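> Show me how the following folds:
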Amino acid sequence: MHTSRRRLLSLMTGLALAAGMSVVGVPHAAGAAATSSYRPVVFVHGNAGAASQFQSQAKRLASNGYPLDIIEAHEYDSPNIATILPQVYVGMDARISRLLAATGADKVDLLAHSLGTFVMQGYLNSSPARAARVAHYVNLDGRTAASPPGGVPTLAIWGEGDPARAVVGATNVYFPNQSHTQTVSSPESFSEIFRFFQGRAPRTTRIVPQLFGTAQVSGRAALFPSNVGVTDATLEVYPVSSLTGGRLSHRPAHRVPLSGDGSFGPFPVLATARYEFAIVRAGAATHHFYFQPFLRSDSFVRLATSRPGEGLGAQVDTSDRHTALIIQRQKEWWGDQGDAGDNLWINGRDVLNPANTPRVKRTIGIFAFDDGSDGVTDLTAPLPEFFSQTFITGMDLFIPATPAHLGIVRITVGQRGGGFDAVNVPNWKSSEHRVTVNVDDF
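The predicted structure is shown next:
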């Protein structure tokens, strides 16, 4: 998002706060579908993925008239897909049955990305009855096929890589300058998807803000990468300063217990304001998540975390002296493409380079912390325990945390293709806090 747009949204946020807006609710699925041509949409993510990869596209669909509550994601434990595939199929059966019953629609539209295309091609080919309930299938930068899966009309979108890839008999579209996850989230992909579903071009490929009103936000707190829900924790939501990321109140605007599948919401937020979501667990570090303005109602918010002492979080060195960051975006970071790549400045230092974020790595998640807690930054090589993971990199970056959380970590993103984003956050000390910063992919 360009700087001028950020300034406009900041102004509108102030006007909205002054005016005291009323809630703009999400339409109910049954009534909305009965009077529209919009079928329910289901997205299936890839390896180590989640609903958040389709977050921008869901809001683009809503910007073009889709009721948000007929857009869903089917999440699963991707590292264990070989053993749980039958359960995933049964879960998809139940989801489609529920959506068709709730909306009165004849069929659903289905999209899958990467590993998800393996899952969904198998699903559609497994049963004529299953395929008969799907009107359109979108195969996003995943498996090739000798024919449209299950005979369902198929759009196959391909990013960088072998130009010979195809689903034979499908509409195959190629974006050779887009990376693997970018093919899911880009406005160019959205235009092709919408035309395929609706037979016409979208009115807009922008995410149109809900101005002068309140958005409804919901989602899940889940363990990465299994997508198992976070339990025995509390979620606190705070409005924060657009300049510093600091809390505007000592009391959260929302506080809800997390249990079961980790679901929360919906609850109202100002569409053009910034928020912090904090997962609070007894005896464990608080995990803070910072977002840019949601712009409009959003049901795909995902808070990816891990159990204390487990997962990649256990590999992060901590101390009272430094802040540890996770910075993620549903579009790859390119640190080796010069002017055609990305920039990420943390406290004024551009941290992306050919060693830690080469284009071929397909990095969407960055772990940045003081490796060894020695107060020294070394960006000459990535941290191997992180770089070895799919879509992830790690870097040794000293980010001072004194005075504790009273200062600022200045984060500026230079998006490839143009535009800058600033997402400043408090410098929480890593001994007691984790910090994840979510950067828009548009």
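> Please give me every residue in contact with L325.
Counting by Cβ atoms under 8 Å, 6 or more residues apart in numbering, L325 touches I346, I366, F367, A368, F369, I399, V409, I411, V425, V435, T436, V437. No exception for glycine: its C-beta is placed from N, CA and C like everyone else's.
> If you could redo that for T181, that was the one I meant.
Applying Cβ under 8 Å, 6+ apart to T181 gives the contacts Q53, H113, Q330, K331, E332, R362, I364, F391.
> right, and the pair among the contacts of L325 with maximum separation?
Spatially, the most separated pair among the contacts of L325 is F367 and V425, at 15.1 Å (Cβ to Cβ).
> Pull out the buried residues from the contacts of T181.
Buried subset of those (neighbour count, 16 or more other Cβ atoms under 10 Å): Q53, H113, Q330, K331, E332, R362, I364, F391.
> Next, count neighbours for the nearest residue to V439 once chain neighbours are set aside.
Among residues not flanking V439 along the chain, R329 sits closest, at 4.3 Å (Cβ to Cβ, 6 or more residues apart in numbering). Neighbour count for R329, taken as other Cβ atoms under 10 Å: 24.
> quick one, phi/psi of R329?
R329 adopts backbone torsions of phi -150, psi 140, taken as degrees, to the nearest 10.
> how close does it get to E75?
According to Cβ to Cβ, to the nearest Å, R329 and E75 sit 19 Å apart.
> Go ahead and flag the most central residue of the protein.
Centroid-nearest residue in the chain, with Cα atoms, centre = their mean: S52, separated by 2.8 Å.
> SS state for it?
Three-state call for S52 (DSSP: H, G, I helix; E, B strand; the rest coil): helix.
> Start the count at 15 instead of 1 going forward.
Will do, 15 is the new start, and the previous item becomes S66.
> Enumerate every residue touching it.
Shown in contact with S66 (Cβ under 8 Å, 6+ apart): F314, V315, R316, A318, Q344.
> Skipping adjacent residues, who's closest to the fourth one in space?
What that stands for is A318. F238 is the one closest to A318 (Cβ to Cβ, 6+ apart), at 4.1 Å.
> And the chain, what are its domain boundaries?
Under the assignment automatic domain parsing, the domains of the chain span 15-35+226-311, 42-212, 325-456.
> ok so, going back, same list (the contacts of S66) but as TSV, adding pLDDT, distance to N191 and secondary structure.
As requested, the contacts of S66 are exported to TSV (pLDDT from 0 to 100; distance: Cβ to Cβ, whole Å; DSSP: H, G, I helix; E, B strand; the rest coil):
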residue	pLDDT	distance to N191	secondary structure
F314	98	26	strand
V315	98	29	strand
R316	98	27	strand
A318	97	28	strand
Q344	97	17	coil
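> Identify, from the residues you listed, the entry nearest to A160.
Of these, the one sitting nearest to A160 (Cβ to Cβ) turns out to be Q344, at 30.4 Å.
> That closest one and V198 touch, don't they?
Yes: at 6.9 Å, Q344 counts as touching V198 under the criterion of Cβ atoms under 8 Å.
> returning to what we had before: out of the contacts of T195, which is nearest to G327?
Closest approach to G327 among these (Cβ to Cβ): F405, at 16.2 Å.
> Who are the packing partners of the longest helix seen in the chain?
The residue-count maximum for a helix in the chain (DSSP state H) belongs to helix 95-117. If you count contacts as 3 or more Cβ pairs under 8 Å, 6 or more residues apart in numbering; DSSP states H and E, helix 95-117 packs onto helix 43-48, strand 55-58, strand 85-88, strand 122-127, helix 129-140.
> and of those, who's closest to F291?
Of all these, strand 85-88 comes closest under Cβ to Cβ, at 18.3 Å.
> which neighbours does the closest one have in its sheet, and in what orientation?
Sheet pairing for strand 85-88, assigned by DSSP bridges, gives strand 55-58 (parallel).
> distance between the strand it pairs with and the chain's centre?
With Cα atoms, centre = their mean, to the nearest Å as the basis, strand 55-58 stands 14 Å off its chain's centre.
> what about the helices in the stretch 315-456 of the chain?
Ranges of helices within the stretch 315-456 of the chain are 398-401, based on DSSP state H, counting those that start in this stretch.
> Where does the prediction get shaky in the chain?
By pLDDT under 70, the low-scoring segments of the chain are 15-50, 417-419.
> the longest strand in it is where?
strand 228-237 (DSSP state E).
> what's downstream of that strand, the next helix or strand?
Next helix or strand after strand 228-237 toward the C-terminus (DSSP states H and E): strand 242-243.
> Near the closest residue to A354 other than its chain neighbours, how many other residues are there?
Once flanking residues are discounted, A354 sits nearest to R430: 6.2 Å by Cβ to Cβ, 6+ apart. By the criterion of other Cβ under 10 Å, R430 has 19 neighbours.
> show me the residues around S387 that make contact.
Taking Cβ under 8 Å, 6+ apart as the test, what S387 contacts is D331, T332, S333, R335, H336.
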